[in-house]
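> The following comprises the amino acid sequence and a computationally predicted model.
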Amino acid sequence: MRHPRPRPAGRAANWPRRLLILGLCGLLGLAQLPASWPAAALNAACAGQCRIAEADGAWWQGRGRLFARLPDSDSWHDLGPLAWQLKPFSASSEIRLGDGRATLALAGDGLHLNADGVVLPAALLLAQPALKLPGSGWQGHLDIRQSTTHWSFAGIPDSRGQLFWRGAASGLLEDYPLGDLEIDWAYQTDGLQARLGGGRPGIIELDGQLTLHGKNAGRGWQGKLTGEARLANDAENRLGRYLQLIAQPLGTGRYRLDWSAT
């Protein structure tokens, strides 16, 4: 009676080594994917409204130049040089845009996003359809400073930071130069608290407080704006009638902000 021929023990013992080699080769191949790969993925994710030009490096550590455009617009905004780096051992990533930086990190209790010095054209953000604002006529740049946002695994959001609108102007206000406006915000589960300030010293001065609270699901927000605004010179003639829609005149170019929405 013949017995099956036993397989050499060494051949079976080689399988773990082969799998390890194949895994290492796969990782090396993945690491060598070019920066054009995430560039193409970004273009697809934002429906052709943004793109990375001159992409160079690897997919996990690359650089290029970021461009974006508004919906239904043929003109592109050059947002400046872009660089990114993924750090798998620290479960974090870093993006640099111009002189600004944003980091995203996974911690034990949630996801953390920090941003500082990120500058974007005001039109690029304020004209987004989700905000339900006019799609054009926005001027100046938005500068995000010392912003931190935390999404906890328990579903509790927490965000705070500073937003500067430099060279602010809007077609809603006859493109009149508003100066540099500042928003200091803090957002938690009970809503948004924001301090508004800035303008053009001696011509437009704003000092206000904005509060927004969420209502029942599907019923939007309720909010209140309080504070004071001061107008002088031609700003009183150009902007006074618009300001009276949300404020009460106090005389001599002074207005008490008193607006609420439900």
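Received the coordinates, thanks.

> Apart from its chain neighbours, what residue comes closest to Trp84?
Excluding the flanking residues, the one nearest Trp84 by CB to CB, 6 or more residues apart in numbering is Ile95, at 4.8 Å. (Glycine included, C-beta is placed from N, CA and C.)

> So that neighbour is in contact with Arg101, correct?
Yes - with contact defined as CB atoms under 8 Å, Ile95 reaches Arg101; the gap is 7.1 Å.

> before we move on, back to that, okay, now the residue nearest to Trp84: neighbour count?
Residues near Ile95, counting by other CB atoms under 10 Å, number 17.

> quick one: it is in a strand?
Yes - per DSSP: H, G, I helix; E, B strand; the rest coil, Ile95 lies within a strand segment.

> What's the separation between it and Trp76?
19 Å (CB to CB, to the nearest Å).

> Also Leu243?
Note on Leu243: its distance to Trp76, by CB to CB, is 35 Å.

> try Tyr176
Counting by CB to CB, the separation of Tyr176 from Trp76 is 27 Å.

> swap in Ser136?
Following CB to CB, the distance that separates Ser136 from Trp76 is 15 Å.

> can you check Leu86 too?
26 Å.

> who has more neighbours, the two?
Set Leu86 next to Trp76 and count neighbours by other CB under 10 Å: Leu86 wins out with 17 against 14.

> What is the burial count for the closest residue to that one other than its chain neighbours?
Excluding the flanking residues, the one nearest Leu86 by CB to CB, 6+ apart is Trp60, at 4.3 Å. When neighbours are counted by other CB under 10 Å, Trp60 registers 17.

> In contact with Gly167, which residues?
Residues counted as contacts of Gly167 (CB atoms under 8 Å, 6 or more residues apart in numbering) are Gln139, Gly140, His141, Pro177, Gly179, Asp180.

> Gly214 too?
Gly214 sits next to Gly191, Trp221 when contact means CB under 8 Å, 6+ apart.

> Show me what it is bridged to.
On the basis of DSSP bridges, Gly214 is bridged to Trp221.

> Also Ala83?
Beta-bridge partners, per DSSP bridges, of Ala83: Arg63, Arg96.

> OK, contacts around it?
Residues near Ala83 by CB under 8 Å, 6+ apart: Gly62, Arg63, Ile95, Arg96.

> One more pass at 10 Å, please.
Ala83 makes contacts with 35, 56-57, 61-64, 66, 94-97, 101, as judged by CB atoms under 10 Å, 6 or more residues apart in numbering.

> try Pro121
So Pro121 contacts Ala68, Leu70, His77, Asp78, Leu79, Ala127, Trp138, Gln139, Gly140, His141, Leu142 (CB under 10 Å, 6+ apart).

> what helix or strand does Ala53 sit in?
strand 50-58 (DSSP states H and E).

> list the buried ones in that strand?
Within strand 50-58, the residues that count as buried by 16 or more other CB atoms under 10 Å are Cys50, Arg51, Ile52, Ala55, Ala58.
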